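> here's my sequence, what's the structure:
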Amino acid sequence: MIRRSTLAVASVVALVFGAAPTAGDVGSCGSSAVDIDEARFATARKVLDARRCKECAIDTKRCEAARDPNVPSDVSFGLTCRPLVRDAEVCLDALTVASCGDYRKYMSDDQRLIPGECDFCRGDVE
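Residues are numbered from 1 along each chain as shown. The predicted structure is shown next:
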């Protein structure tokens, strides 16, 4: 009886801790990791910011810049920052579903909050 219980416990532990994803798997079903095209992401982010500013009636300088096609996006990555396409997808999804209150904080001219899903390279040194 003791051996069966020990075997049962060992089986559960092995199942729980052995079911981990493969090291280096970023949740993309076995496809290769792909770096973000910074310009493409910047354009997508600018379009989304402009839309959300309108939806949420946010009137800040950052929103004005997002709506102005002549003003370049303020998105940039550090020299050592290499976010992946999946990172961009998660960021844009989070911004799409963010409340207007949160979006006001993201588009603030003074104390801008960066959502965790979009803070790709915390501590990046240039």
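
> tell me where this structure has helices.
Applying DSSP state H to the chain gives helices spanning 2-18, 38-55, 61-67, 85-97, 100-106.

> now the third one, how far from the centre of its chain.
Averaged C-alpha coordinates place helix 61-67 at 21 Å from its chain's average position (C-alpha atoms, centre = their mean, to the nearest Å).

> again, but for the fourth one
Centroid displacement of helix 85-97 relative to its chain, using C-alpha atoms, centre = their mean, is 5 Å.

> got the buried residues for that helix?
V85, D87, A88, V90, C91, L92, L95 (16 or more other C-beta atoms under 10 Å). Any C-beta I mention is one placed from the backbone N, CA and C, and that applies to glycine too.

> tell me what it is packed against?
Applying 3 or more C-beta pairs under 8 Å, 6 or more residues apart in numbering; DSSP states H and E, we find helix 85-97 packed against helix 38-55.

> cool, the last one as well?
Helix 100-106 makes packing contacts with helix 38-55 when contacts are defined by 3+ C-beta pairs under 8 Å, 6+ apart.

> so how far is the helix it packs on off the chain centroid?
Distance, centroid of helix 38-55 to centroid of chain: 14 Å (C-alpha atoms, centre = their mean).

> cool, and stretch 52-65?
With C-alpha atoms, centre = their mean, you get 21 Å for stretch 52-65.

> many thanks, have a good one.
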